[in-house]
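Trainee: Just need the structure, nothing else, for what follows:
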Amino acid sequence: MEKYYVNYIVNAESIRECCEIIVEDNTISQINKIKNLPEDKQTFWYAVPGFIDIHTHGGDGFDIMDCNQNAFSRIAQYHLHNGTTSFVGSTITAPLDKIELLLKNGKTFKKINHEKAL
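Mentor: Residues are numbered from 1 along each chain as shown. From the prediction side, this is the model:
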């Protein structure tokens, strides 16, 4: 179990102030309102839901059209580091064989990383 202390939790319905977030098995199990943030613990200003980017060509100097596992991994790490938890890789106009390679390698990347996350 991990505890995080947050000044503001922002979501679509509300903004909660001065909270303790409890995480168990990589899942938020509780959010508790507390009177004061502890002075002897690390606190965070904000907690927000992960962002979803529905159109991205890449990140961190890599492009989806690089069509390889290293590029996909670096792009995913870059977006995660910046608060994006999911993204849809966008292509550019390219020969059909390059698009097929992208789809094949993208499917492999998704399968490998989905299994790691479980």
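
Trainee: Now the host helix or strand of residue 6: average pLDDT?
Mentor: If you go by DSSP states H and E, residue 6 is part of strand 2-10. Per-residue pLDDT over strand 2-10 has a mean of 97.

Trainee: which other helices and strands contact that strand?
Mentor: Strand 2-10 sits against strand 15-24, strand 43-47, with contacts defined as 3 or more C-beta pairs under 8 Å, 6 or more residues apart in numbering; DSSP states H and E. (C-beta placed from N, C-alpha, C; glycine too.)

Trainee: Return the set of buried residues in the shortest one.
Mentor: What that stands for is strand 43-47. Neighbour-count burial for strand 43-47 flags residue 47 (criterion: 16 or more other C-beta atoms under 10 Å).

Trainee: and that strand, average pLDDT?
Mentor: Across strand 43-47, pLDDT averages out at 96.

Trainee: Can you list the strands that it pairs with?
Mentor: Counting by DSSP bridges, the strands paired with strand 43-47 are strand 2-10 (parallel).

Trainee: Let's see the partner strand as CSV, backbone CA atoms only.
Mentor: Extracted in CSV, the C-alpha atoms of strand 2-10 (Å, rounded to 0.1, in the frame of the first residue of the first chain):
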residue,chain,number,x,y,z
GLU,A,2,1.2,3.5,-0.9
LYS,A,3,-0.1,6.8,0.3
TYR,A,4,0.1,10.1,-1.6
TYR,A,5,-0.8,13.5,-0.1
VAL,A,6,-2.3,16.0,-2.6
ASN,A,7,-3.4,19.6,-2.4
TYR,A,8,-5.9,19.3,-5.2
ILE,A,9,-7.5,16.4,-7.0
VAL,A,10,-9.0,17.6,-10.3
